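Trainee: structure of the sequence below:
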Amino acid sequence: MPLTFTHLDREAARDAVETVADIYRWSYVERIAAGDPFYTVERFMQRFDLYTMRDGFELVIAEGDGTPVGQTFGWPLPAGTAWWNGLRTEVPPGFIDEDGHRTFALSEIMVAEPYQGQGIAHALHDELLQGRPEERATLLVRPDNVAASTAYRRWGWRKAAELQPGMADAPVYDALIKSLR
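Mentor: Residues are numbered from 1 along each chain as shown. Sure, this is the predicted structure:
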């Protein structure tokens, strides 16, 4: 299926919250149904609202045949970022030093269930990261999400640490790094 990508800055992303919520709902069907409070649509949208406050926030929505089928978003990590708070493993000196230009945080990639397994996540990944000026990118993935972890390794990511964000009910994640140069 041919995809069309729309890039939105933080202001435009706030105007697209209904689409963002729908794609989340269609992508996290099982997690939402399982009843974990961290994965409710309301909790996700609260986090999304906070994410859109970040300088440099960018959202990419993928459409196939005029239907939203997936999305990804992130932002550059500023000096003093809380992103690295909750590290559970040692990292090399200077690893968490951010200045707003060093690291791009890829926060989410999601594809609606009927469209999963068609390369859309990889296309979204590449669309968001292509041409980024930062030297590296980071993302968090649940260690039990074998499919995503395997895909990220194929796409050039490597595990750097384990991290548990300071949000209520947040799981422990593998923090991955990818060079953008």
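
Trainee: for stretch 168-175, the distance to its chain's centre please.
Mentor: 13 Å (C-alpha atoms, centre = their mean, to the nearest Å).

Trainee: report back the residue of this protein that's furthest from centre.
Mentor: Pro93 (25.2 Å; C-alpha atoms, centre = their mean).

Trainee: tell me which stretches of the chain form strands.
Mentor: 3-9, 58-64, 67-76, 103-111, 136-141, 158-163, 173-179 (DSSP state E).

Trainee: what mean pLDDT does the longest one get?
Mentor: This points to strand 67-76. The average pLDDT within strand 67-76 is 98.

Trainee: can you list the strands that it pairs with?
Mentor: strand 58-64 (antiparallel), strand 103-111 (antiparallel) (DSSP bridges).

Trainee: and that strand with strand 136-141, angle?
Mentor: Between strand 67-76 and strand 136-141, the angle comes out at 120 degrees (axes from the mean of the first three to the mean of the last three C-alpha atoms, to 10 degrees).

Trainee: could you pull out the buried residues of strand 67-76?
Mentor: 68-76 (16 or more other C-beta atoms under 10 Å). For every residue, glycine as well, the C-beta is placed using N, CA and C.

Trainee: what's the closest of the strands of the chain to Ala16?
Mentor: In terms of C-beta to C-beta, the element of these nearest to Ala16 is strand 3-9, at 6.0 Å.

Trainee: what distance separates that closest one from the centre of its chain?
Mentor: 15 Å.

Trainee: tell me the mean pLDDT for that strand?
Mentor: In this model, strand 3-9 has an average pLDDT of 98.

Trainee: taking strand 58-64 as reference, get the angle to that strand.
Mentor: Using the same axes, to 10 degrees: strand 3-9 against strand 58-64 is 160 degrees.

Trainee: tell me the strands beside strand 3-9, with direction?
Mentor: For strand 3-9, pairing defined by DSSP bridges yields strand 58-64 (antiparallel).

Trainee: what average pLDDT does the partner strand get?
Mentor: 98.

Trainee: number the residues from 548 up from this point.
Mentor: Will do, 548 is the new start, and the previous item becomes strand 605-611.

Trainee: residues in contact with it?
Mentor: By C-beta atoms under 8 Å, 6 or more residues apart in numbering, the surrounding residues in contact with strand 605-611 are 548-556, 559-560, 563, 566-567, 570, 615-622, 658, 662, 667, 670-671, 674-675.
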